[in-house]
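S.K.: sequence first, predicted model second:
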Amino acid sequence: MERRFQRIPLEFRASLLTDGGGCGVRVEDISLKGVLLEAADLPALNDGDEVCVDIPLSDEARITFEGRVRWHEGLWLGVEIEAMPLDSASHLRRLVELNLGDEDLLEREFAALIQAR
């Protein structure tokens, strides 16, 4: 299966919040559609569980979103983005734009994201 969204490798610390509490995680990569997280002490999660992710980019900027667990295995957790505040979406778009370096590719990804909804 071909990926529709380019993954941007990151090395950011983040927080994962679940119904059962929260834990610190590391962002492995992010796309317009989801994020791959790593954590040594993930809470018990099932595919389909709702979670919140908070990724501080700087003192002034952060990406926060509500998502759904799509898969988990060992230390790894794949979360699909479902809802995001406008300012977080702007930060994510800028992050993807800077890393892709191709405005046409970015526009194609946004078009695919809108069609997927």
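M.R.: Looks like it arrived, so ask away. It should be emphasised that the depicted structure is a prediction, and the values quoted were computed from it without experimental measurement.
S.K.: what ranges do the strands span in this protein?
M.R.: With DSSP state E as the criterion, the chain has strands at 8-18, 21-30, 34-38, 50-56, 62-73, 76-83.
S.K.: mean neighbour count and mean pLDDT added to these, as CSV?
M.R.: (Glycine included, C-beta is placed from N, CA and C.) CSV is the format used below for the strands of the chain (neighbours: other Cβ atoms under 10 Å; pLDDT from 0 to 100):
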stretch, mean neighbour count, mean pLDDT
strand 8-18, 16, 90
strand 21-30, 17, 93
strand 34-38, 21, 95
strand 50-56, 18, 96
strand 62-73, 17, 95
strand 76-83, 18, 95
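S.K.: quick check: closest non-adjacent residue to the most centrally placed residue in the chain.
M.R.: Central residue of the chain (Cα atoms, centre = their mean): residue 35, 3.0 Å from the mean position. Sequence neighbours aside, residue 79 is the residue nearest to residue 35 in space, at 5.2 Å (criterion: Cβ to Cβ, 6 or more residues apart in numbering).
S.K.: do you know how far that neighbour is from residue 98?
M.R.: From residue 79 across to residue 98, the span is 22 Å (Cβ to Cβ, to the nearest Å).
S.K.: over to residue 58?
M.R.: Residue 58 sits 14 Å away from residue 98, going by Cβ to Cβ.
S.K.: okay, the two: which has more neighbours?
M.R.: Using other Cβ atoms under 10 Å, the more surrounded residue of residue 58 and residue 98 is residue 98, with 10 against 7.
S.K.: if I pick that one, what's in contact with it?
M.R.: Applying Cβ atoms under 8 Å, 6 or more residues apart in numbering to residue 98 gives no contacts.
S.K.: the residue nearest to the centre of the chain touches residue 68, doesn't it?
M.R.: No - look at residue 35 against residue 68 with Cβ atoms under 8 Å: they stay out of range, at 11.4 Å.
S.K.: sweet, I'm off.
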